Structure formats: C-alpha cells, structure tokens
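Trainee: What would the 3D arrangement of this be:
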Amino acid sequence: MKALLSRLPAYPGSCLFAGGLNLAVAAQLPDDVRAALDGKLVSIRVLDMGIGFDVRWQKGRFEAQRGNATPDLAIGASARDFMLLAQRREDPDTLFFGRRLSMEGDTELGLMVKNTLDALDLDLFDPARFLPAPLVNLFKQNKAST
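Mentor: I've put the predicted structure just below:
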C-alpha cells in the first residue's frame, strides 16, 4: 500500500487536508495562535503510508502547499497514531517519547500546535459534523472494532 500511495501526487491530498482544517479547526484558533502560525509551513507526514500534507496559514486560513519548500514544522507518525491523537485516545508526549511521533523544525511552533490541539473541543473531530450518515455509521463501526 505504501508503495502505491507514495507515488500519488501530494498536492490534492494537501488541498483536502487544508479544507478539513479550515472546516474543523480554523474558526476555533485564538488570535495569538493565528499570529504565530502566519506564513508558517507545516508538513504532516503519515509515515506508514508514505504520504504527506503540506499547509500554510495565510490570509486567515490554511492553504495547501506543493511541498517544495522546507517546512517550518514537520510532524510524522503512523496513520493509526494520528487517529489515536485526533480521538484523544493517546497522548502526544507518550507517542513522542516512545518514538512513535516525530517533530522536526521549529519545536516552539510544535509545542504551540500541540497545546492548541489539546485545548480544542473534541466535537470538532466528530465525523457527524462533516460526513453523510452512511459514512458516519461506517466510521462508528470501525471505531467500535478497535
């Protein structure tokens, strides 16, 4: 799977990721976080799938980037670990010190991102807010089986 996914162009995935962040997170960001993120390139790398998503906070929103530049912050983990983080079923510090989560670049920015995500309402990541009912039910079934 990794060999196939890593061959796909990154930009369309980054567009979807930026759209999701704008829908779920952007409106919840405090002004000081928006200021600190301004112009910063953040790369999320799903290591076990060989894919990455590059976004930059510009003009009050996340914008997809083509990944040609060195990111200010690169965060890497497996797809499962990212899902556990989003569901708050795993602590980022535990993953980091267990070498399951990596962070490269501006560590101060990384800490700010971590603290901001910790402060967000869990309902932001509820798939029922964004997906049609049949997909929500499928998601709930998969979550129950883990």
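Trainee: Every contact and neighbour count from this point should use C-alpha atoms.
Mentor: Will do.
Trainee: which SSE is the residue nearest in space to the middle of the chain in?
Mentor: When C-alpha atoms, centre = their mean is applied to the chain, the residue found nearest the centroid is residue 44 (5.9 Å). Taking DSSP states H and E as the criterion, residue 44 maps to strand 41-46.
Trainee: Check residue 55 too.
Mentor: Per DSSP H and E: residue 55 is located in strand 51-58.
Trainee: got a list of contacts for that strand?
Mentor: 5-6, 10-11, 13-14, 17-18, 34, 37-46, 62-67, 71 (C-alpha atoms under 8 Å, 6 or more residues apart in numbering).
Trainee: What's the PyMOL syntax to select whichever of the residues you listed are buried?
Mentor: One line in PyMOL is enough to select the buried ones among these; burial here means 16 or more other C-alpha atoms under 10 Å:
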select buried, resi 10+11+13+14+17+18+34+37+38+39+40+41+42+43+44+45+46+62+63+64+65+67+71
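Trainee: Name the residues that touch the strand holding residue 44?
Mentor: 51-57, 67, 70-79, 82.
Trainee: For residue 87, give its distance to residue 105.
Mentor: 25 Å (C-alpha to C-alpha, to the nearest Å).
Trainee: Any of the contacts of strand 41-46 buried? List them.
Mentor: 51-57, 67, 71-78, 82.
Trainee: Give the pairing partners of the strand holding residue 44; include direction for each.
Mentor: strand 51-58 (antiparallel), strand 73-77 (parallel) (DSSP bridges).
Trainee: With just CA atoms, put the last one into PDB.
Mentor: What follows is strand 73-77, C-alpha atoms only, in PDB (Å, rounded to 0.1, in the frame of the first residue of the first chain):
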ATOM      1  CA  LEU A  73       7.500  22.200  11.300                       C
ATOM      2  CA  ALA A  74       7.200  18.600  10.200                       C
ATOM      3  CA  ILE A  75       5.200  16.200  12.300                       C
ATOM      4  CA  GLY A  76       5.300  12.500  11.500                       C
ATOM      5  CA  ALA A  77       3.500   9.400  12.800                       C
END
